[in-house]
Structures are given as structure tokens and as C-alpha cells.
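[1] Show me how the following folds:
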Amino acid sequence: MSTGFITTSDGTKIFYKDWGPGDAQPIVFHHGWPLSADDWDNQMLFFLNEGYRVIAHDRRGHGRSDQTDRGNDMDTYALDVAELAAALNLRNAVHIGHSTGGGEVARYVARASAGRVAKAALLGAVPPIMLRTAANPEGLPMEVFDGFRSALVANRAQFFIDVPAGPFYGFNRPGAKISQGLIDNWWRQGMAGGSKAQYDCIKAFSETDFTEDLRRIQAPVLVLHGEDDQVVPIADSAHKAIQLLRNGTLKTYPGLSHGMFATHPDVINADLLAFVKA
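    Presented below is the predicted three-dimensional model:
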């Protein structure tokens, strides 16, 4: 088991965890905004125990990676993943992305070198595009994302309590079983990252159009989405993404939230394992 850094072609240091047998099939986890590789602790330990090699990195500007003021866009994120895959010699890998990380997976997998990717899974993921546009009239209005930016600038520490305590995990729903630990861990991860990168990433996750990426992907893709996702509404994401994928499977979860793999890991892990093994 190891942790370390790679230095990308533009000089940015990217933190990663790499656990398990070097000759086992790699599973690579891509975190959501504004978090870090630590968001996948449960899944990494689960798949490690199943005999896989598990890798997760902190996206540039997030977690323990450099708090870069440049390159906070999907093309660069995907290039960082490609450089990580090359540095760690990852072949036949399964890439699993949540939310913004799902966008990163879509862009990387669509462009990956032959032999690098076996399968992909998108959980509560942002593709095809979150923003309301002429071509995507069902999307969220720009005012939503401007609100994110304003809240981050005004009081990032409070904003990073309000999001997990409310819509992210569905803790604002009547009768929700609230985990203070999840809220605190979300805050811890978010505050470890750089505010400039997190600010820029709002544009990256909301305005990037992944339509052509989804169309280009030939590998099998599992799309998992909570039907009560208040952050990335299912009708404008998973339901559209599955129509664009050549080899996609959609599974949705009544009542589950954006952060469903953290609130219901046993359910999600079992479905991911079945997909990886299939």
C-alpha cells in the first residue's frame, strides 16, 4: 500500500493513494466537488478486501494536491488522470466517478489510450450538462451556480457545512437519519482544498457539455443515480446520459440522495461489485 504524488506536465503535484496487489485489476475512484480521495474510503476498503487494486487521487486544487490557480477545467482534469494512469501503469482499469468526478471519468474514458479502460461507472454524475441552455432547456439556471460562487466567496466554511447538512445527503428531508460524521468529514475535505480551484471548478462541472464524450465511449458504463438527488437532478443527467451511451446500464434508487454511496454503501458497493465482475 502506498500514497504519493505525481507531477503533471504543467508542474502540478497530484496526490494519490494506491492500495493492493500491483497485478490485480485496478479500480480508480474520482471524487466530487469540492472533496478529495478520502470521500471513497469505504469503497476503497471494500474493493481492496475483494482483491482489487484501488486508486484514488485528489483532483488538482483539491485535498492534498497543489492548490493551483490554473487548469481547473475538465480537459486538464482528464489529462491529469491520463498522466496518473501512465505513471502507475494502469491497464484494464474500472473508473468510478461521483458527481464532478463522473464528468472527469466521461471525458477521460472517451479519450483514453487503448487498453487503459475496461469499464466505467457514473454515480450521481453531472453529464451530459447541468446548465440550462438553448439545447438543454431542462437544465439548471445560471443563477444556481452563481449562488454557489457567491456563497463560496462570502463564507466558504459555512457554505461547506450547509451543503452536506442539507441537500447533499438528503439530511434536509423529513425523517432523515442524519450523520454528523458525514457532515464533518465533508467539511474537512472541502476546507483542505483551495478556494480558487473550487471556485473555478463550479464552471467546469456546470457548463461542460459531455454529450460527445458519452457518445464516444465504447466500454460498458454503469449509471447509478438517486431518484431524490437534489444536487444533480436525475431527469437532466442520468436519464439523458443513458440515451447517449452505446453500452450503458441505468440503475436508479428511490429516495436516495446525491451522496448515496456514503449514506448507503452496502447497497451501492454490491451493485458496483456485480458490474465490475460481470
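
[2] Can you get me a residue count around Trp19?
    Trp19 has 16 neighbours, counted by other CB atoms under 10 Å. All C-beta atoms are positioned from the backbone trio N, CA, C, and that covers glycine.

[3] isn't it right up against Val54?
    Yes. Proximity of Trp19 to Val54 meets the contact threshold set by CB atoms under 8 Å, at 5.1 Å.

[4] which neighbours do those two share?
    Met44, Leu48 (CB atoms under 8 Å, 6 or more residues apart in numbering).

[5] Now Val231. Its backbone dihedrals?
    phi -100, psi -50 (degrees, to the nearest 10).

[6] Wait, a helix at Ile161?
    Yes. Ile161 forms part of a helix when assessed by DSSP: H, G, I helix; E, B strand; the rest coil.

[7] where in the stretch 1-150 of the chain is pLDDT low?
    1 (pLDDT under 70).

[8] At which residues are the helices of it located?
    41-49, 74-87, 100-111, 142-163 (DSSP state H, counting those that start in this stretch).

[9] tell me the most buried of those helices?
    helix 100-111 (a mean of 27; mean count of other CB atoms under 10 Å).

[10] Mind giving me the packing neighbours of that one?
    Helices and strands touching helix 100-111, as assessed by 3 or more CB pairs under 8 Å, 6 or more residues apart in numbering; DSSP states H and E, comprise strand 26-30, helix 74-87, strand 93-98, strand 117-123, helix 195-207, helix 211-216.

[11] could I get the ones you listed as TSV with distance to Glu138?
    Shown next, in TSV, are the helices and strands packed on helix 100-111 (distance: least, CB to CB, whole Å):
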stretch	distance to Glu138
strand 26-30	25
helix 74-87	21
strand 93-98	22
strand 117-123	18
helix 195-207	14
helix 211-216	14
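
[12] Gly226: which of those is closest?
    Ranking these by proximity to Gly226 (CB to CB) places strand 117-123 first, at 8.9 Å.

[13] The closest one versus helix 74-87: what angle between them?
    Our comparison of strand 117-123 with helix 74-87, counting by axes from the mean of the first three to the mean of the last three CA atoms, to 10 degrees, yields an angle of 140 degrees.
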